[in-house]
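Participant: Sequence and predicted structure, then a few things I'm wondering about:
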Amino acid sequence: MGCDFEGAGFGLESITVNIRGIDIHIDRYNKGANEKIIFLHGFTGSTHSWDEVISHLPSTFDLLAIDLIGHGGTSKPMDSGRYSAEEQIKDLHALFQQLQWSNFTLVGYSMGGRLALAYASQYTVKRLILESSSPGLIEIEERTNRKQSDEQLANRILEEGLVSFVDFWERIPLFQSQRKLSLEKQQLIRQERLAGTEIGLANSLRGFGTGVQPSYWEKLDDLFTPTFLITGELDEKFSNLAKKMKNYFPNAAHTEVRNVGHAIHVENPELFATIVKDIILKEDVR
């Protein structure tokens, strides 16, 4: 299997698995539990993005957090084409097959939500939980503009360095609500972002930015997987997107969480964990 066990504690296995020529780092909790949940982080994140949420989930859940390509302990290839949606879907599926995982709930935040939706459009999952996510862009002009802006941002990361980029990223309006968090928590978020690399983040934008990924809008009405959309009240853009997406899915529900912005799992991890737990337990009763 090619696993490198880096350490364990409190039911945690921190593992590196070689998949399709790259190393993928995963954190697994409560191995062998009946209910399986997989977490995919957002841009600049890592498995640690989910630490607090996981701490509030029951030990009866087998939990898997994955460092996506270009992030955390996973490989950062020089070829941006290796970061594409198609390649990442293949990576995830090969990983799940190697771990012998099936019939799982797939949770994705922002970029990770886009990948979760992309994966679920090709392969069966038990449930899909999308936090502040998008199916991509439809209009050619909008896609072109976004691709150009992502390319400019990728160049900026490579030219100015990680610290300068993180300083900029922390100030974008999408994360304004995070300024209400304690200084200690803001510092933890900053440290996670600074743990990235210039090439990993730049190539993530180039290979899997919203402007280059396929649009999945036309596939939503064929996706019969029970789907749960979670957005923050203060994140008007993604709340409106979720309301629009709900009309396309055959089997979807939308929860808007009060007094939080884009990253509900960061701003109120206990409540986010409760929402996830309630979704799973209520669905299992049916």
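Facilitator: Yep, it's here. In this text, all values refer to a predicted model and were calculated from it rather than measured experimentally.
Participant: what's near enough to touch the residue minimising distance to the centre of the chain?
Facilitator: The centre of the chain sits closest to G112, judged by Cα atoms, centre = their mean, with a distance of 2.3 Å. Contacts for G112 (Cβ atoms under 8 Å, 6 or more residues apart in numbering) come out as F39, L40, H41, G42, G45, L68, S133. All C-beta atoms are positioned from the backbone trio N, CA, C, and that covers glycine.
Participant: Just put those residues in TSV and tack on neighbour count.
Facilitator: Below are those laid out as TSV (neighbours: other Cβ atoms under 10 Å):
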residue	neighbour count
F39	27
L40	30
H41	27
G42	24
G45	28
L68	27
S133	27
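Participant: what's the closest of those to R190?
Facilitator: Among the contacts of G112, G45 lies closest to R190 (Cβ to Cβ), at 12.3 Å.
Participant: distance of that closest one from T124?
Facilitator: When distance is defined by Cβ to Cβ, to the nearest Å, G45 is 26 Å away from T124.
Participant: repeat for N145
Facilitator: 35 Å.
Participant: The helix or strand harbouring S164 - contacts with which helices or strands?
Facilitator: Here S164 sits within helix 162-170, counting by DSSP states H and E. Contact partners of helix 162-170 among helices and strands, from 3 or more Cβ pairs under 8 Å, 6 or more residues apart in numbering; DSSP states H and E: helix 140-160, helix 183-194, helix 198-208.
Participant: what's the closest of the ones you listed to A85?
Facilitator: For those, the distance to A85 is smallest for helix 198-208, at 6.1 Å, taking Cβ to Cβ.
Participant: For this protein, name the helix or strand with the lowest mean pLDDT.
Facilitator: strand 3-9 (a mean of 36; mean pLDDT, DSSP states H and E).
Participant: Check which residues of the following helix or strand past that one are buried.
Facilitator: Downstream of strand 3-9, the first helix or strand assigned by DSSP H and E is strand 12-19. Under the neighbour-count criterion of 16 or more other Cβ atoms under 10 Å, strand 12-19 has L12, E13, S14, I15, T16, V17, I19 buried.
Participant: again, but for stretch 238-253
Facilitator: F238, S239, L241, A242, M245, Y248, F249, A252.
Participant: Can you verify the fifth one is assigned to a helix?
Facilitator: In this case it means M245. Yes: applying DSSP: H, G, I helix; E, B strand; the rest coil, one finds M245 inside a helix.
Participant: And the helices in this protein?
Facilitator: Here the chain has its helices, by DSSP state H, at 51-55, 85-99, 111-120, 140-160, 162-170, 183-194, 198-208, 236-246, 264-267, 269-285.
Participant: Tell me who's in contact with W101.
Facilitator: Listed by Cβ under 8 Å, 6+ apart, the contact set of W101 reads K36, I38, L64.
Participant: Please apply the same query to L153.
Facilitator: Shown in contact with L153 (Cβ under 8 Å, 6+ apart): F165, L205.
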